[in-house]
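Peer 1: based on what follows, work out the 3D shape:
(2 chains)
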Protein chains: 2
Amino acid sequence: MAMAYELGYDECLTLLSSRRTGRVAVGAPDGPHIVPVNYTVHEGTIYIRTTPYSVLGTYGRNTQVAFEVDQVDDEERVGWSVVARGRCNAVLDPSEIRRINLHAGPQPWAAGHRTLLLALQWRELTGRRLAHDPAELAARP
Amino acid sequence: MAMAYELGYDECLTLLSSRRTGRVAVGAPDGPHIVPVNYTVHEGTIYIRTTPYSVLGTYGRNTQVAFEVDQVDDEERVGWSVVARGRCNAVLDPSEIRRINLHAGPQPWAAGHRTLLLALQWRELTGRRLAHDPAELAARP
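Peer 2: Just a heads-up that it's a prediction; the model follows:
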């Protein structure tokens, strides 16, 4: 049986910044959606590129969302997850978009025109690590 | 640049059944949450065990939820994701709980008393595969 350990803020930020794919949860009239995305983290913000008429573009702009990233070993039953929650806004100012693209432009994996840039500024960043033994915490990256 | 391909229902079900960890999105008064869980699939239902007073136990019972599972290679930028959406109900009948435990009892990874069994009967099961080339679709499991 694995034990769960709460992660500190700095460790959550390091782990969040170490990955490139996560999932966004948004509310919709017929219930929540989860949308896999790729992303980048820059200056305390998660940036996600999508299309204006996608589920994320429709229900994920200018509203509260949750974002999750994890790394889990199904066989070993160990791993970690980090969740960011806060307001997600569309970035509309062209000079702001250029600035973000230069520094941290998230590249969408799937081909197609992805013209909407979303910025999630979290107000909560929490995480957990699952391990069989506390000693494993030091051994794992 | 990878291409995205919609998966058929049967392939989504096979992939969903191939994993043991996923994420549930639930709505809450202060916005959506995402909760990593382990799960099992049995007779068209996703079973998840949690605690009655957790986020999932509080906001994820007897309501609409979304569930996501994926397998993504951050470096290669290929992978797949499957999303199930539908109503999630608490299983309260003791004989029903015994039956599910016998056949497909999801074992929680983290130690602690997890006494609430949730059953998500999806009404939508959709998925996508990302690959660089259609020929990769045949080569990957």
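Peer 1: switch to C-alpha atoms for all contacts and neighbour counts from now on
Peer 2: Will do.
Peer 1: strands paired with whichever strand in chain A runs longest, and their directions?
Peer 2: If you go by DSSP state E, chain A has its longest strand at strand A:116-131. In the sheet, strand A:116-131 lines up against strand A:3-6 (antiparallel), strand A:45-50 (antiparallel), strand A:78-91 (antiparallel) (DSSP bridges).
Peer 1: TSV please, covering those strands and showing mean pLDDT.
Peer 2: Formatted as TSV, the strands paired with strand A:116-131 follow (pLDDT from 0 to 100):
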stretch	mean pLDDT
strand A:3-6	86
strand A:45-50	92
strand A:78-91	95
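Peer 1: which of the ones you listed sits closest to B:Leu130?
Peer 2: With distances scored as Cα to Cα, the stretch of the strands paired with strand A:116-131 nearest to B:Leu130 is strand A:45-50 (15.4 Å).
Peer 1: may I see the buried residues of that closest one?
Peer 2: For strand A:45-50, burial by neighbour count (16 or more other Cα atoms under 10 Å in any protein chain shown) applies to A:46-50.
Peer 1: tell me how far it is from the chain's mean position?
Peer 2: Remark: strand A:45-50 is offset 8 Å from the chain centroid, using Cα atoms, centre = their mean, to the nearest Å.
Peer 1: using PDB, write out every CA atom in whichever helix or strand comes after that strand.
Peer 2: Next helix or strand after strand A:45-50 toward the C-terminus (DSSP states H and E): helix A:55-59. Output of helix A:55-59 as PDB, limited to C-alpha atoms (Å, rounded to 0.1, in the frame of the first residue of the first chain):
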ATOM      1  CA  VAL A  55     -14.700  23.000 -25.900                       C
ATOM      2  CA  LEU A  56     -11.800  24.700 -24.200                       C
ATOM      3  CA  GLY A  57     -12.100  27.800 -26.300                       C
ATOM      4  CA  THR A  58     -15.800  28.000 -25.500                       C
ATOM      5  CA  TYR A  59     -16.000  27.100 -21.800                       C
END
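Peer 1: so which bits of helix A:55-59 are buried?
Peer 2: A:55-57, A:59.
Peer 1: can I get the residues you listed in a markdown table with pLDDT and distance to B:Val41?
Peer 2: Shown next, in a markdown table, are those (pLDDT from 0 to 100; distance: Cα to Cα, whole Å):
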| residue | pLDDT | distance to B:Val41 |
| --- | --- | --- |
| A:Val55 | 94 | 26 |
| A:Leu56 | 94 | 27 |
| A:Gly57 | 94 | 31 |
| A:Tyr59 | 96 | 29 |
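Peer 1: contact partners of the host helix or strand of A:Asp70?
Peer 2: Assigned by DSSP H and E, A:Asp70 belongs to strand A:63-73. Strand A:63-73 has contacts (Cα atoms under 8 Å, 6 or more residues apart in numbering or on different chains) with A:16, A:19, A:21-27, A:78-89, A:120, B:21, B:30-34.
Peer 1: 6 Å instead?
Peer 2: Applying Cα atoms under 6 Å, 6 or more residues apart in numbering or on different chains, the contact partners of strand A:63-73 are A:22-26, A:78-88, B:31-33.
Peer 1: and the strands paired with strand A:116-131 as a markdown table, adding distance to B:Val41?
Peer 2: Shown next, in a markdown table, are the strands paired with strand A:116-131 (distance: least, Cα to Cα, whole Å):
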| stretch | distance to B:Val41 |
| --- | --- |
| strand A:3-6 | 24 |
| strand A:45-50 | 31 |
| strand A:78-91 | 21 |
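Peer 1: thinking again about what came up before, then the longest strand of chain A to PDB, C-alphas only?
Peer 2: What follows is strand A:116-131, C-alpha atoms only, in PDB (Å, rounded to 0.1, in the frame of the first residue of the first chain):
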ATOM      1  CA  LEU A 116      -6.600  31.300 -29.000                       C
ATOM      2  CA  LEU A 117      -4.000  31.700 -26.200                       C
ATOM      3  CA  LEU A 118      -5.300  31.000 -22.700                       C
ATOM      4  CA  ALA A 119      -3.500  32.100 -19.500                       C
ATOM      5  CA  LEU A 120      -4.200  30.400 -16.300                       C
ATOM      6  CA  GLN A 121      -3.000  32.300 -13.300                       C
ATOM      7  CA  TRP A 122      -3.400  29.900 -10.400                       C
ATOM      8  CA  ARG A 123      -4.500  30.900  -7.000                       C
ATOM      9  CA  GLU A 124      -4.000  27.400  -5.700                       C
ATOM     10  CA  LEU A 125      -1.100  25.100  -6.500                       C
ATOM     11  CA  THR A 126      -1.200  21.800  -4.700                       C
ATOM     12  CA  GLY A 127       0.300  18.300  -5.100                       C
ATOM     13  CA  ARG A 128       0.800  14.900  -3.800                       C
ATOM     14  CA  ARG A 129       3.400  12.200  -4.100                       C
ATOM     15  CA  LEU A 130       2.600   8.500  -3.700                       C
ATOM     16  CA  ALA A 131       5.400   6.300  -2.500                       C
END
